[in-house]
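>>> Have a look at this prediction, sequence included:
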Amino acid sequence: MEELLTQLRAAAEPTRLRLLALCARGAWCVSDLVAILGQSQPRLSRHLKLLTEAGLLVRTPEGANAWFQVPGGAELARLVLARIPEEDALLAADRRAAARVAAERAREASESFRRHGADWDELRALDIPAGPVEAALLAALPERPGAKLLDIGCGTGRLLELVAPRVAQALGVDASRDMLALARTRLAEKGLAHCAVRQADMYRLPLPDAGFDVVTLQMVLHYAEDPAAALAEAARVLKPGGHLVLLDLAPHERGELLTRFAHRWPGFDDAELNGWFGAAGLVPLQPRGLGPLRLWCAEQRADHHAHSA
């Protein structure tokens, strides 16, 4: 009962209700919330601390910032917010301000990419039609009600948007803060509150063992210095019987890709992928060719984590 009373007390304040309403729609950092609500940083930081300690918000550090979002299990927060009329004038004004802040955040991230000459939509840059590739990726995902999915190297969050209707929770990780800014804007615009992103190193994921039903890596492995280690880490966070879905380049001799896009590897063949899968405790499934790409799937052995312990 004490936990419930703590949460009720934490939610029972106008500014904290506004914070909950915003953070139920997406992740925000303190500076964003200062701009949206027009209140001082110390004041909002105190409110956020109370909400986090009560379990109504989750705080995710990222460099000098921390991002706040209503977690998937915070049912009380969602029940309380459901009682507030959607047309509430104050919350509607907050949503408009949030949309402006998100748009500015995305614009700054996009300009950063343009200044550095990077193209984050690699399929487009390689003249690969996205539609058939996305359809093949979705078809490769297992049908699992209530599934939790992890997308490693999520980039701008396109795959999270695609899988959102089919999963209970989805998390994207990426090393680039600019990519994550674009991903957060995408998820917020689409109202995908059950999807989140955070900064992480794919070789050292800040995630527990066996926490996900599905792990995806799309056009990521050819950048990896150590693909085998990246796959081993992906396998670590897969539940027994979970699925790894990997989309990447088939072997090629296009040297310009190595220089223009800083690719570390000129594609992969089935034999080397199967070797890495086996070393990570994964059972390879039948791969599929998609023009210059290849789609590999593997299943986590039911006894993998028991052997690893």
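Here it is on my side, so go on. Numbering: from 1, shown residues only.
>>> Tell me where the protein is predicted with low confidence.
108-122, 124-126, 253-262, 304-309 (pLDDT under 70).
>>> can we see that at 50?
Along the chain, the parts satisfying pLDDT under 50 run over 116-120, 306, 309.
>>> for it, what spans make up the helices?
Listed from the start of the chain, the chain has helices (DSSP state H) covering 2-11, 14-23, 30-37, 41-53, 75-82, 89-115, 122-125, 130-140, 158-163, 177-190, 227-236, 255-260, 270-279, 304-308.
>>> For the closest residue to Arg204 other than its chain neighbours, list the residues it contacts.
Among residues not flanking Arg204 along the chain, Glu233 sits closest, at 7.2 Å (Cβ to Cβ, 6 or more residues apart in numbering). C-beta here means a position set from N, CA and C on the backbone, and glycine is covered the same way. Contacts for Glu233 (Cβ atoms under 8 Å, 6 or more residues apart in numbering) come out as 202-205.
>>> rerun at 10 Å
Shown in contact with Glu233 (Cβ atoms under 10 Å, 6 or more residues apart in numbering): 152, 201-205, 207, 215, 226, 280.
>>> likewise Asp32?
22, 26, 65, 67-68, 97-98, 101-102, 104-105, 184.
>>> again, but for Leu50
6, 9-11, 13, 16, 19, 56-57.
>>> repeat that with 7 Å
10, 16 (Cβ atoms under 7 Å, 6 or more residues apart in numbering).
>>> and what of Ala200?
Counted by Cβ under 7 Å, 6+ apart, Ala200 has contacts 173, 206.
>>> of the contacts of Asp32, closest to Gly38?
Gly38 has its nearest neighbour among the contacts of Asp32 in Ala97, at 8.1 Å by Cβ to Cβ.
>>> could you measure the closest one against Leu22, distance?
9 Å (Cβ to Cβ, to the nearest Å).
>>> For stretch 234-243, measure first residue to last.
The first and last residues of stretch 234-243 sit 10 Å apart, counting by Cα to Cα, to the nearest Å.
>>> So which residue is smack in the middle of this protein?
With distances taken as Cα atoms, centre = their mean, Gly172 lies nearest the centre of the chain, 1.5 Å away.
>>> Surely that residue is in contact with Gly157?
Yes: with contact defined as Cβ atoms under 7 Å, Gly172 counts as touching Gly157 (5.8 Å).
>>> Could you name every residue contacting both of the two?
Counting by Cβ under 7 Å, 6+ apart, the residues touching both Gly172 and Gly157 are 183, 197.
>>> most surrounded residue in the contacts of Glu233?
Neighbour counts for the contacts of Glu233 (other Cβ atoms under 10 Å) peak at Val215, which has 27 neighbours.
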